[in-house]
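Trainee: Pasting the sequence and the predicted coordinates here, then a few questions.
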Amino acid sequence: MKLIKTVTLGCKVNQYETRYLLEGLYELGGQDAAADQTPDIIVVNTCTVTADSDAKSRHIIRKLHRDYPCAQMIIMGCWATQNPAAAAELAEEAGNGSVVLTDKSKLGDWLIEQGCIDAPLGIGRFSEHTRAFVKVQDGCRQFCSYCIIPHVRNRLFSREPKQVRNEIERLIQNGYREIVLTGIHLGFYGEGFDNPELKGLTLADLVSELTAIDADFRIRISSLESHEVSERLLELMRDNPDKICPHLHISMQSGSDAVLKAMNRPTSSAEYLRRCRLANEFVPDVALTTDVIVGFPGETESDFQQTMVVCQEAGFSKIHIFRYSPREGTPAARMSNQIPPAVKQERAQRLAELEKTLRQEYFQSQIGKNVCILAERFKDGFVTGCTERYIPVRIPGSELNCGTFMRKFLQKEDVAE
């Protein structure tokens, strides 16, 4: 029996892939190392989305090797794919048969090489006790000018609906009540099927298949581009309110058309707002969340003000705010009109203040409404969790409530932030 420690950096897909590899290692006799145990195997799933991510990946690998010099190191993820020579050098320093896995689509093949009779077809458990991420798609060819990910995950691949459904049914049987569908570019679901007979399927087709599962669970859809929010998908959300969370994360990045063009983004601010209005028409009170990059090269004060206006009109319940940082290897990093750090900081602060106001307004609009809460944790007589619209709550309860749905009319004091 070998003890295993995992460290995952980056996105939901990385978290899923770590879990997938871990379940294969369990088949080979592995077991999770407790906090006070020395691991025999360490899995580090790296990230390369920013230069800071690269540095953090390298730092963690070196630190873990210092802390556990006798452990075998398995280095995987996007930093290893983008920098295979540097990853191989760190693996050689770590020694003990350390390996670098750069092709994330070949994790199953690697497990078979290690002795697995059959590679896992999915996962049966996740790191959280109530919510599980399920990867249904891989790859991106959007090539936004600030992003390195299409260079390390450019092969488009979609998982067959039947395989996804089987995996989700296993997770439900193991107690998971919320399934988050995720991918590198989720809206590309339907591209890259191994089975040519599945050509033409879309994300809406997959969601429709999953709503037929006869169980007490709900689906949450991960990030989409605005043009990928189709009327059919919205119809499914409207017609299956108990199965599909009325929450859409629609990536925006900027409200300025000039900045969007420089970013090589796929849509205009007007089209973005049109899709937000359409979502509200089909699913009243839908929770809309987004990502915004402030301080992109060439962003003027007028450009930033346009972003503020679009955010106000969309009425987001959450904005993930990022200050632009140059990513070596991308066109944006070579642009001459970089924005000073102090300006980026000041704009991020102003947007954060607007975000707080919008968030409070959205939460206030839900007071008095009957909500479905997934109870996740218990402490001091209260359970915490999230509603279907991703409102964080803290309500009286017991440990027995954890992992179950609780319904109540939302009160102001229930909102956890």
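Mentor: Yep, that arrived.
Trainee: From here on, just use CA atoms for contacts and neighbour counts.
Mentor: Will do.
Trainee: What number of residues are in the vicinity of Arg407?
Mentor: 12 (other CA atoms under 10 Å).
Trainee: And Gly255, by the same measure?
Mentor: By other CA under 10 Å, neighbour count at Gly255 equals 24.
Trainee: Distance of it relative to Leu111?
Mentor: 45 Å (CA to CA, to the nearest Å).
Trainee: Ser226 now?
Mentor: Taking CA to CA, one finds Ser226 at 38 Å from Leu111.
Trainee: Among the two, which residue is more densely surrounded?
Mentor: Per other CA under 10 Å, whichever of Ser226 and Leu111 has more neighbours is Ser226, with 24 against 21.
Trainee: hang on, that one packs against Ile250?
Mentor: Yes. Using CA atoms under 8 Å, Ser226 is in contact with Ile250, at 5.7 Å.
Trainee: which SSE is the closest residue to Ala416 other than its chain neighbours in?
Mentor: Closest residue to Ala416 apart from its sequence neighbours, by CA to CA, 6 or more residues apart in numbering: Val393 at 4.6 Å. Using DSSP states H and E, Val393 falls within strand 392-396.
Trainee: Just name whatever secondary elements the helix or strand that that strand is followed by is in contact with.
Mentor: For strand 392-396, the following helix or strand on the C-terminal side (DSSP H and E) is strand 405-409. On a contact count with 3 or more CA pairs under 8 Å, 6 or more residues apart in numbering; DSSP states H and E, strand 405-409 meets strand 370-379.
Trainee: The same query, at a cut-off of 10 Å, please.
Mentor: strand 370-379, strand 382-387 (3 or more CA pairs under 10 Å, 6 or more residues apart in numbering; DSSP states H and E).
Trainee: Go through the ones you listed and name the closest to Leu171.
Mentor: strand 370-379 (15.5 Å; CA to CA).
Trainee: what lines up beside the closest one in the sheet?
Mentor: Counting by DSSP bridges, the strands paired with strand 370-379 are strand 382-387 (antiparallel), strand 405-409 (antiparallel).
Trainee: buried sites along it?
Mentor: Val371, Cys372, Ile373, Leu374, Ala375, Glu376, Arg377, Phe378 (16 or more other CA atoms under 10 Å).
Trainee: anything in contact with each of Ser226 and Ile250?
Mentor: Residues touching both Ser226 and Ile250 (CA atoms under 10 Å, 6 or more residues apart in numbering): Tyr272, Arg275, Cys276.
Trainee: Can you give me the distance of the last one to Glu23?
Mentor: Translated: Cys276. Taken as CA to CA, the span from Cys276 to Glu23 is 39 Å.
Trainee: the inter-axis angle of the lengthiest helix in the chain versus strand 392-396?
Mentor: In the chain, with assignment by DSSP state H, the single longest helix is helix 341-365. Calculated by axes from the mean of the first three to the mean of the last three CA atoms, to 10 degrees, helix 341-365 forms an angle of 50 degrees with strand 392-396.
Trainee: For helix 341-365, name the packing helices and strands.
Mentor: Partner elements for helix 341-365 (3+ CA pairs under 10 Å, 6+ apart): strand 287-294, helix 301-314, strand 318-323.
Trainee: separation between the residue lying closest to Val343 once chain neighbours are set aside and Lys369?
Mentor: Closest residue in space to Val343, ignoring its immediate chain neighbours: Gly295 at 7.2 Å, by CA to CA, 6+ apart. Gly295 sits 38 Å away from Lys369, going by CA to CA.
Trainee: Would you mind listing the outside residues contacting the longest helix of the chain?
Mentor: By CA under 10 Å, 6+ apart, helix 341-365 touches 285-289, 292-296, 299, 301, 304-305, 307-308, 311-325, 389-392, 410-412, 415, 417.
Trainee: please redo it, this time with the cut-off set to 6 Å
Mentor: Gly295, Ser317, Lys318, Arg323 (CA atoms under 6 Å, 6 or more residues apart in numbering).
Trainee: And those, which is closest to Leu181?
Mentor: Lys318 (19.0 Å).
Trainee: Which pLDDT value belongs to the nearest residue in space to the closest one that is not next to it in sequence?
Mentor: Spatial nearest neighbour of Lys318, excluding adjacent residues (CA to CA, 6+ apart): Thr289 at 4.8 Å. Per-residue confidence (pLDDT) for Thr289: 98.
Trainee: Quickly list what Thr289 is bridged to.
Mentor: His249, Lys318.
Trainee: And for it, the neighbour number?
Mentor: If we define neighbours as other CA under 10 Å, then Thr289 has 22 of them.
Trainee: contacting residues around it?
Mentor: His249, Phe316, Ser317, Lys318, Ile319.
Trainee: Ends of stretch 130-148, what's the gap?
Mentor: First-to-last distance for stretch 130-148 - CA to CA - comes to 32 Å.
Trainee: Also stretch 174-193?
Mentor: Across stretch 174-193, first to last residue, CA to CA, it's 28 Å.
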